[in-house]
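Asks: have a look at this fold, sequence not included:
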DNA sequence: ATACCGACCTGTCAGC
DNA sequence: TGCTGACAGGTCGGTA
């Protein structure tokens, strides 16, 4: 579900609501839970810890924690359908709730994930994510990332070891804005095209963050609110509809195993 | 080293 | 109404 703008929105909301709060106790479901660290270790790390900060790294939510034993981090990846919600304890627990952290303030932090593609882990400190931050990468570094890559540019944008945080929606939207076909080999982009893609990507991500992310089917932020960037999508989810620039019907194909939307006339 | 493709899960929706 | 299959915002591991 969530890509960079959605995770950014969620992390900001969580920071606003739980920073400074303390985790009193943790409940973890016991059947095939989406854990990268052992459940006992997660519980031991979270219980008693204070949440200093909640922030985004790539598509991960990072909780910076401090406790008597020292600093640690709780790292959450929401996968396709994960949600991290702040709820009053009397609120009914959604099905597919895998973790509940009870806070000193009386509220609960709940991790819900029907498809269980999400991942939870804890570590001592220093999580940096797999790749480079798309909002911070310079044009020079951006060009360097794609140099010599034979993969389609869309696949390269989705590769988290290169840039982390870009997913299917924002890959399609930024390629549309840059006027580049998703199947073009990454190495075939001219300097000018790379520059267009670099700024298109950063613009799209910033606009999406300003809109609170894209709610296509069920994304909601930490407050349970939907985003509204889906109203500004030009390519993603618009197969068969007229291009907003030239009226040519948007095409849908499969690239790098993912549904891919583009304008056959505007994108070269 | 790089790229592709199926697997991992559940829910939803279109078509029969 | 109910079944089947395709598809969904993501990643991983095996294979070529």
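Replies: Looks like it arrived, so ask away. Given the structure is predicted, the values throughout are model-derived calculations rather than measurements. Numbering: from 1, shown residues only, chains lettered A, B, ... in the order given.
Asks: okay, CA-based contacts and neighbour counts for the rest of this
Replies: OK.
Asks: count the residues that sit near the residue of the stretch 51-200 of chain A found nearest DNA strand C.
Replies: Closest to DNA strand C within the stretch 51-200 of chain A is residue A:167: 3.1 Å, counting by C-alpha to the nearest atom of the strand. Number of residues near residue A:167 (other C-alpha atoms under 10 Å) recorded here: 21.
Asks: cool, residue A:159 as well?
Replies: 16.
Asks: contacts for the longest helix seen in chain A next, please.
Replies: Ranked by number of residues, the top helix in chain A under DSSP state H is helix A:191-210. Contacts to helix A:191-210, defined as C-alpha atoms under 8 Å, 6 or more residues apart in numbering, come from residues A:4-6, A:8-9, A:134-135, A:139, A:142-143, A:170-171, A:173-175, A:177-178, A:180, A:214, A:229.
Asks: recalculate using a threshold of 6 Å.
Replies: Residues outside helix A:191-210 that contact it (C-alpha atoms under 6 Å, 6 or more residues apart in numbering) are A:5, A:135, A:174, A:177-178, A:229.
Asks: the closest residue in space to residue A:83 that isn't next to it in sequence: how many residues sit nearby?
Replies: The spatially closest residue to residue A:83, leaving aside those adjacent along the chain, is residue A:112, at 5.2 Å (C-alpha to C-alpha, 6 or more residues apart in numbering). Residue A:112 has 22 neighbours, counted by other C-alpha under 10 Å.
Asks: ok, now residue A:168?
Replies: 19.
Asks: and residue A:230, how far is that from residue A:218?
Replies: Distance, residue A:230 to residue A:218, using C-alpha to C-alpha, to the nearest Å: 12 Å.
Asks: ok, residue A:84 to residue A:136 distance?
Replies: Distance, residue A:84 to residue A:136, by C-alpha to C-alpha: 26 Å.
Asks: settle it for me: which of these two has more neighbours?
Replies: Higher neighbour count among residue A:84 and residue A:136: residue A:84, with 26 against 10, using other C-alpha under 10 Å.
Asks: quick one on the thing from earlier: buried set for the helix or strand following the longest helix of chain A?
Replies: Per DSSP states H and E, the first helix or strand lying C-terminal to helix A:191-210 is strand A:251-255. Neighbour-count burial for strand A:251-255 flags A:251-252, A:255 (criterion: 16 or more other C-alpha atoms under 10 Å).
Asks: what parts of the stretch 1-150 of chain A come near DNA strand C?
Replies: A:1-3, A:6, A:59, A:79-80, A:117 (C-alpha under 7 Å from any atom of the strand).
Asks: need those in CSV (columns: pLDDT, distance to residue A:194 and neighbour count).
Replies: CSV is the format used below for these (pLDDT from 0 to 100; distance: C-alpha to C-alpha, whole Å; neighbours: other C-alpha atoms under 10 Å):
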residue, pLDDT, distance to residue A:194, neighbour count
A:1, 67, 27, 22
A:2, 93, 25, 30
A:3, 95, 22, 23
A:6, 95, 25, 28
A:59, 97, 23, 24
A:79, 94, 29, 19
A:80, 93, 29, 16
A:117, 93, 32, 16
